Each structure stands twice: as C-alpha cells, then as structure tokens.
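1. Curious how this folds, go ahead:
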Amino acid sequence: MSTKITVIPGDGIGPEIMTATLRCLDSLGCDFEYEFKQAGLVALDECSELIPRDTLESIRKNRLVLKGPLTTPVGEGFSSINVSLRKEFDLYANVRPVISMPGTRSRYEDINIITVRENTQGAYLAADSKISDDGETAESKMVVTRAGCARVVHYAFQMARLAGRKKVTIVHKANILKTVSGMFLDIGREVAAGYPDIETEEMIVDATCMKLVMNPWQFDVIVTTNLFGDIISDLCAGLVGGLGLAPGANIGDGAAMFEAVHGSAPDIAGLHIANPCALILSGAQMLTHLGMDERANKLRMAIRATIVAGDRVTPDLGGHGDTMSFTDAIIDHL
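-> Numbers count the residues shown, from 1 in each chain. Here you go, the predicted structure:
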C-alpha cells in the first residue's frame, strides 16, 4: 500500500526544487502517492488565504508533509506560515542535521551535528504581544511549560540513542533568564538522568555559539529552546556551506513536516539554477522517519558523490550546471 504525502511546492524556487526532490524519491522506488496543495503567496493569489482550509485538511488526513519554501508577506496582519503550521499540528521538535560534504565551499570538514529545537513555545509564541498607545514600548512574554520542555528533551535523547549518538548538549541561558530558561535546564537535567548511556553536558547559549565557531567537532546533538535553536541551527548550517545544504524536519506526535529551511529566493526563481539539496536532504529525513533507512542513506550518498564530482552542480557550489542537471546527476548515482 502506497504512502500518501501532502506536497506543498512553495513559492519562488519552491516548485523547481520540489520537482527535483520528487524525481529523486521516485527513482528510489518509494511508492509514494502525492497530494499537491498550496500555501504561501500562490495560495493568497488563488484563494485569498495563506494556508487554505483544504491544505490543512490534507495534512490532517495524511499526517506527512513535504514542503518547499514559503513566503509570508511583510506587514501587519500576516502571521508566519511556518509558525502557524507548527502550532496547528503541534510539531514540537524541529530537527536540523548538518553534515560536511567534500567539494563544498566550507571552512570546516567532518562536521556532523544535529540541533533539536523546541518549536511551539518560548519567544516565538509571542504571548500577550502589544505596543503601547504612544508607540514607544513593545512587549511580549516568553512562555514555556514543563510538558513542552520535557517532550522535546526526551525526543532529543531518544533520537540520539536510536541514531547511535554519544552526547547531548543542553543549551540554555539560565544564568540570566532564571525562570524560563531555568525551567528548561532543570527539566533537561531530569530527563538526562533517564539516559545514562548518553553523555550530557550543559552550555550557556553565547558560549555555545563561540565554541561552535572555534571547535564544532565537540558537538554531537544539541537540544535547546525555540529562539536559541533558530539561531544555532543556522550557525551550524554555515559550518557546512550554508542553508542550501541544510534540511529540516518538524516532528509532532500526530504529524511530521519536512522542508527546506532556506527562503524562496524570488530573485532566481525561474532561472533554474537553484540548488535542490536542502529539500532533497529533507526528503531523506522523511525516509528515515518512515523507517526507510537504506533508501535514505543511498540518497545522501548520491548527493555526496554528485557534489564531489562537481561538474553538474549549481553555481552556488562552484559548478556550471542547473537544478535539473544536478538532479539528473544525483539520479545517475542512485
């Protein structure tokens, strides 16, 4: 029986890299059935909604989403589409792996780090956000819950155990944010005690950023809160060559969404030079999530081999190819 996936091509370069990704998945013989739905600017133009109801219903039914980059219009009245989807389906764990690939323009080699970020609480919840009547003061509360902290830390440790990882770093700012970040750290310690086979360390967020630049090889799995995780995961992407090589997963108990974490790049949309790796690697994450580890590893190795060969990759990786030649080369290696 085939697995049905809600596919949201996205804005800008989204449809181009989504086509590339689906071609790779089909070449692996995954027997997926795709249900195409819209969100973002395309949906706003077609039906005056950033996230149409039938898109939400499709996700609710299929519980599996592959999503291209979406654009939230700038200005008041428009909530972040990604944040809205995470809240709607309680996708509490944002999982961002970065792995070095030979042949990329990276300052580091042999990087292999996974950042697990709490995805639905903290600063991005923007609780009680308001601006004073005179426009001089803005405020927003950071809110976390014991249950919310515990489940994302449990997810990080369980993922580390299943993936054969050796260490989890709990990143916080409990020295200053003694209540909100302090709760996350306290619960992190409680959860870590249940995983004696995994080494645990605690690190303040600013020190983490410095050490990621100076000695990134000391990190294995990082678990942290929403805002800190957003920053750290992008920093980690920079260690391996940028967001064009950074996949992302949003995991909940009832649904999972896999996406390219970079933007929609409207300046190069239609030029067919977009690097499809981030979304294809997100497809590999989806395969792992579905228990298709062998296919996922084949796909990652094919991407790696294509980048090493270098002749058909996109200009951002130093090649003279385009999106489809890059994809063709990946499929050839498969």
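
2. Grab the most central residue of this protein for me.
-> The centroid of the chain falls nearest to Gly248 when counting by Cα atoms, centre = their mean (2.0 Å).

3. element containing it?
-> Remark: Gly248 resides in strand 247-251, with elements defined by DSSP states H and E.

4. Would you state the strands of the stretch 201-334 of the chain in chain order?
-> All strands of the stretch 201-334 of the chain, identified by DSSP state E, counting those that start in this stretch, fall at 221-224, 247-251, 256-260.

5. my guess is Asp311 contacts Phe326, does it?
-> No. Counting by Cβ atoms under 8 Å, Asp311 sits too far from Phe326 to count as a contact (10.3 Å). All C-beta atoms are positioned from the backbone trio N, CA, C, and that covers glycine.

6. Just to check, Pro266 is in contact with Asp11?
-> Yes. Contact criterion Cβ under 8 Å: Pro266 and Asp11 qualify, at 7.3 Å.

7. Now list whatever residues contact both of the two.
-> Thr71 (Cβ atoms under 8 Å, 6 or more residues apart in numbering).

8. Please say which of the two ends up with more neighbours.
-> Asp11 (25 against 13; other Cβ atoms under 10 Å).

9. The more buried one belongs to a strand?
-> No. Using DSSP: H, G, I helix; E, B strand; the rest coil, the assignment for Asp11 is coil, not a strand.

10. need the helices for the stretch 151-300 of the chain, in chain order.
-> Counting by DSSP state H, counting those that start in this stretch, the stretch 151-300 of the chain has helices at residues 180-192, 205-214, 226-239, 277-289, 293-309.

11. Quick one, which of those gets closest to Ile331.
-> Ile331 lies closest, by Cβ to Cβ, to one member of the helices of the stretch 151-300 of the chain: helix 293-309, at 7.6 Å.

12. Give the buried residues for the closest one.
-> Across helix 293-309, burial judged by 16 or more other Cβ atoms under 10 Å covers 295-296, 298-300, 302-307.

13. try stretch 325-334
-> Residues 325-331, 333-334 are the ones in stretch 325-334 that count as buried (16+ other Cβ under 10 Å).

14. Please apply the same query to stretch 73-84.
-> 81-84.

15. re earlier: which residues are in contact with each of Asp311 and Phe326?
-> Gly319.

16. Any stretches of the stretch 51-200 of the chain with poor pLDDT?
-> 75-77 (pLDDT under 70).

17. change it to 80
-> Residue ranges of the stretch 51-200 of the chain with pLDDT under 80: 74-79, 126-127.

18. Tell me which stretches of it form strands.
-> For the stretch 51-200 of the chain, the strands defined by DSSP E, counting those that start in this stretch cover 64-67, 93-99, 112-118, 122-131, 138-143, 167-172, 199-204.

19. Can you tell me which of those is nearest to Thr224?
-> Thr224 lies closest to strand 167-172 among the strands of the stretch 51-200 of the chain, at 3.8 Å (Cβ to Cβ).

20. Paired strands for the closest one, with orientation please.
-> According to DSSP bridges, strand 167-172 has the following sheet partners: strand 199-204 (parallel), strand 221-224 (parallel).

21. buried stuff in that strand?
-> If you call a residue buried by 16+ other Cβ under 10 Å, then strand 167-172 has these buried ones: 168-172.

22. swap in stretch 279-290?
-> Along stretch 279-290, these residues count as buried under the neighbour rule (16+ other Cβ under 10 Å): 279-288, 290.

23. Tell me the one among those nearest to Ala193.
-> Nearest to Ala193 out of the buried residues of stretch 279-290 is Thr288 (Cβ to Cβ; 27.5 Å).

24. show me what contacts the closest one?
-> Neighbour list for Thr288: Ala296 [criterion: Cβ under 8 Å, 6+ apart].

25. So that it lines up with my notes, have the first residue be 518 from now on.
-> Noted, 518 is the first residue going forward, which turns the last one into Thr805.

26. so the closest residue in space to Glu566 that isn't next to it in sequence is in which element?
-> Leaving aside its sequence neighbours, Glu566 sits nearest to Ala560 (Cβ to Cβ, 6 or more residues apart in numbering; 5.9 Å). Secondary structure from DSSP H and E places Ala560 in helix 558-564.

27. and the nearest residue to Ser617 once chain neighbours are set aside, what does it touch?
-> Once flanking residues are discounted, Ser617 sits nearest to Ile628: 4.4 Å by Cβ to Cβ, 6+ apart. Listed by Cβ under 8 Å, 6+ apart, the contact set of Ile628 reads 615-617, 733-734, 753, 756-757.

28. returning to what we had before: which of the residues in the helix holding Ala560 are buried?
-> For helix 558-564, the neighbour count (16+ other Cβ under 10 Å) marks 558-561 as buried.

29. what's the burial count for Pro733?
-> By other Cβ under 10 Å, 20 other residues sit near Pro733.

30. which residues does Lys584 bridge with?
-> Per DSSP bridges, the residues bridged to Lys584 are Ile525, Glu776.

31. dump the residue contacts of the residue nearest to Glu566.
-> Residues near Ala560 by Cβ under 8 Å, 6+ apart: 566-569, 572.
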